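Student: Quick check, what structure comes out for this input:
(one chain, ligands or ions: 2)
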Amino acid sequence: MGVRHFLTLKDLSHEELTKLIARAIELKKKHKSGDIYEPLKHKVLGMVFEKSSTRTRISFETAMIQLGGHAIFLLPGDTQLGRGEPIEDTARVLSRIVDVIMVRTYEHKKLETFSAYSDVPVVNGLTDLAHPCQLLADMQTYFEHRGDIQGKTVAWIGDGNNMCYSYINAARQFDFKLRIACPPGYEPDNHHIAQNDSYATLVNNPTVATTDADLVVTDVWASMGQEDEHRARAKAFADYQVTPETMARAKPNALFMHCLPAHRGEEVSAEVIDGPQSVVWDEAENRLHSQKALLEFLLCP
Ligand code: CP
Ligand code: NVA
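Tutor: Numbering: from 1, shown residues only. Ligands and ions are numbered 1, 2, ... in the order given. Modelled structure (predicted):
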């Protein structure tokens, strides 16, 4: 097999993903016990960020340092990309120099083009269509708290955005049932649902979505790039806040997840995100461990 990229969860098989999650749990234990593990000595990760980030940048950079390598943070304004150098040329040049590349951008197509011209693995650090690294962390978190997610029911409440698409892919790859409740006009596209209809269902009603769910997940109402729509969205999404009442409809041991950053009082109430069912800080921490497992998978075959 040629160079492997990680643009969506579909780039890895079910077996590879479950192994990767197990490895992430192992690497976390190793790290916490003080073990030094440096399989990526002298390896370099190039990180291209066209959108803001806290977790993705810090976790990838820390992962590379802890694995013995190094990461370079690139902003379009500081590189020739910002002055119009074609993405194809940037991909060819970067991939001649560094060992692995992470890209956070808007159009998913741009990431696909980048990867087509890269000789080294390219990782999706978030596009408008997918956020697969976050799903690795979310799945690790579920496995750690509740065991295998296979056969469980997950409720997605809110926007049919990049995280929602990645949850649809995760439902297929990890074999769980996903119920999606979005306000009319904000659903993920029908085609994507139709392709995954044995795993994902549009219910368009938060009550139906959360009843007896094992996991309740939400995300911001306006993603990066949609700031101008914030007011209109706040109106449309008003009935889609995850509250204690929402959580009360789920199973008593249901977990709450959010990729962060969160807006308390919009998509989630403070009682829920700061409450006992919330595992959002574990999700954030697990970005580090699951991305270490991913980097090891891509660079140490
Ligand atoms: N969840 C997540 O990707 O966070 P950042 O935007 O801070 O990287
Ligand atoms: N849906 C959010 C996720 C942020 C990590 C966004 O794209 O802004």
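Student: who touches the closest residue to E50 other than its chain neighbours in this structure?
Tutor: Among residues not flanking E50 along the chain, T105 sits closest, at 4.4 Å (CB to CB, 6 or more residues apart in numbering). C-beta coordinates here come from the backbone N, C-alpha and C atoms, glycine included. Each residue near T105 by CB atoms under 8 Å, 6 or more residues apart in numbering is listed here: V48, E50, K51, L111, L126, T127.
Student: restrict those residues to those near ligand 2?
Tutor: Among the contacts of T105, the ones lying near ligand 2 by CB under 6 Å from any ligand atom are L126.
Student: pLDDT weak spots in the stretch 201-301 of the chain?
Tutor: Judged against pLDDT under 70, the stretch 201-301 of the chain has no low-scoring part.
Student: mind listing the strands for this structure?
Tutor: Using DSSP state E, the strands of the chain run over 44-49, 70-74, 100-104, 122-124, 153-157, 177-181, 200-202, 215-218, 255-258.
Student: if you skip the residues just before and after it, what's nearest to H42?
Tutor: With CB to CB, 6+ apart, the residue lying closest to H42 is G69, at 6.7 Å.
Student: residues in contact with that neighbour?
Tutor: Shown in contact with G69 (CB under 8 Å, 6+ apart): E38, L40, K41, H42, K43, V44, L45, D99.
Student: Could you report the pLDDT at it?
Tutor: At G69, the pLDDT value in this model is 98.
Student: One more: G2?
Tutor: If you check G2, the pLDDT there is 85.
Student: Counting neighbours, what do you get for it?
Tutor: Residues lying near G2 (other CB atoms under 10 Å) number 5.
Student: List of residues touching stretch 260-274?
Tutor: Contact with stretch 260-274 is made by 54-55, 157-158, 218-221, 234, 237, 240-244, 246-247, 256, 258, 278, 280, 283-284, as judged by CB under 8 Å, 6+ apart.
Student: So that stretch, near ligand 1 or not?
Tutor: Yes - applying CB under 6 Å from any ligand atom, one finds stretch 260-274 touching ligand 1 at L260.
Student: Can you confirm whether that stretch lies near ligand 2?
Tutor: No - judged by CB under 6 Å from any ligand atom, stretch 260-274 and ligand 2 are separated, with a smallest distance of 6.9 Å.
Student: Run the chain-centre distance for that stretch.
Tutor: With CA atoms, centre = their mean, to the nearest Å as the basis, stretch 260-274 stands 18 Å off its chain's centre.
Student: repeat for stretch 233-244
Tutor: Remark: stretch 233-244 is offset 22 Å from the chain centroid, using CA atoms, centre = their mean.
Student: Next, work out how far apart the residue nearest to E50 and T90 are.
Tutor: To T90, T105 is 11 Å away according to CB to CB, to the nearest Å.
Student: okay, now C182: neighbour count?
Tutor: By the other CB under 10 Å criterion, the neighbourhood of C182 contains 23 residues.
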